[in-house]
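1. after the sequence you'll find the predicted model.
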Amino acid sequence: MNRIILPDGRELCYELTRKRVKNINFHVKDECVVMVSASPKVPIKYIEQCLAKRADLFFGAFEKLKARKIASANSTESVKWLGKELPINIIENSRETAVFDENECRVFTRDFSAENVQELIKTAKTERFKALCAELNEQVRAELKARGLEPPPAVITIKEMKSRWGSCSYTRGHISINLRLADHPRETVLSVFWHEYAHFWHHDHSDRFYRFLLDMFPDYHKYNDVLKTG
């Protein structure tokens, strides 16, 4: 993650990916980060000058995405889960819980307030996502072992992060996964697991890192690139 301080004191965060492209490409990610792709020949200084010139456009886009996120969070009509928009079915009941299936999210409660309904949904969504991550973690470890590699012990932590989809502390054997990935397809979550596990062998984002990653998970860009547009 890179940061620049603008003349008015605002901080603009961006992530840079080097690609063989003719132009510098910008994409707003969530409400706090700009994704940048540029040729290896383009100097960092020039990229940051371009970012500074377009800063008002980026911050305007951040505000729109933030407002959209707040509206979605307060909705009791639907909820995102693994790439789907599931309708919310509120059922009067004393159980006080939410249940996800392939077709809908059922909320059992006597308190129909938006705040209570969303809290029940968040709790259920978090628990279900933790279970999914445990399953994906075992899948990645099994595939690594099948390829003759012995993955180090890894502690998986699920938490909300503003600017990263995942992180790997390879010295401590600790991988963090962003809870917000629960909104995205299963394969996209899997791509983040592969990305973080690859850091146990390659600690930066060098060509060797991506060769290793794509050898292990050839569809990485197909499923992970959707995160670059939020």
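-> It's in.
2. for the residue nearest the centre of the chain, phi and psi?
-> Nearest to the mean C-alpha position of the chain, counting by CA atoms, centre = their mean, stands Trp165 at 3.4 Å. Phi and psi for Trp165, reported as degrees, to the nearest 10, are phi -90, psi -20.
3. for Pro87, see how far away it is.
-> According to CB to CB, to the nearest Å, Trp165 and Pro87 sit 27 Å apart. The C-beta positions use only the backbone N, C-alpha and C, and glycine is treated the same way.
4. confidence score at Asn74?
-> The per-residue pLDDT reported for Asn74 equals 52.
5. for Met161, same thing?
-> In this model, Met161 is scored at 89, pLDDT.
6. repeat that for Ala71.
-> pLDDT at Ala71 comes out at 57.
7. and what of Arg68?
-> 66.
8. and Thr171, by the same measure?
-> 90.
9. check Arg20 too.
-> 86.
10. give the full set of residues in contact with it.
-> Arg20 makes contacts with Ser39, as judged by CB atoms under 8 Å, 6 or more residues apart in numbering.
11. does it count as helix, strand or coil?
-> At Arg20 the chain is in coil, as set by DSSP: H, G, I helix; E, B strand; the rest coil.
12. next one: Val42
-> Assigned with three-state DSSP, Val42 falls in the coil class.
13. ok, it - contacts?
-> Ile24.
14. doesn't Val99 make contact with Phe108?
-> Yes: between Phe108 and Val99 a contact is recorded at 7.4 Å, counting by CB atoms under 8 Å.
15. list the helices and strands the longest helix along the chain packs on?
-> Criterion DSSP state H: the longest helix present in the chain is helix 114-146. Contacts defined by 3 or more CB pairs under 8 Å, 6 or more residues apart in numbering; DSSP states H and E place helix 114-146 against strand 78-81, strand 84-92, strand 97-100, strand 105-109, strand 155-159, helix 186-198.
16. make TSV from the ones you listed and add distance to Ser39 and mean neighbour count to it.
-> Output for those, formatted as TSV (distance: least, CB to CB, whole Å; neighbours: other CB atoms under 10 Å):
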stretch	distance to Ser39	mean neighbour count
strand 78-81	35	19
strand 84-92	37	13
strand 97-100	43	18
strand 105-109	44	20
strand 155-159	35	13
helix 186-198	23	22
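17. so can I have a markdown table of the ones you listed showing distance to Glu138?
-> Output for the helices and strands packed on helix 114-146, formatted as a markdown table (distance: least, CB to CB, whole Å):
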| stretch | distance to Glu138 |
| --- | --- |
| strand 78-81 | 21 |
| strand 84-92 | 24 |
| strand 97-100 | 21 |
| strand 105-109 | 26 |
| strand 155-159 | 10 |
| helix 186-198 | 10 |
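18. closest to Asn224 out of those?
-> Smallest distance to Asn224 across the helices and strands packed on helix 114-146 (CB to CB): 4.0 Å, for helix 186-198.
19. residues making contact with the helix or strand immediately after that closest one in the chain?
-> Counting by DSSP states H and E, the next helix or strand C-terminal to helix 186-198 is helix 207-216. For helix 207-216, the external contacting residues (CB under 8 Å, 6+ apart) are 143-144, 147, 194-195, 197-199, 201-202, 220-221.
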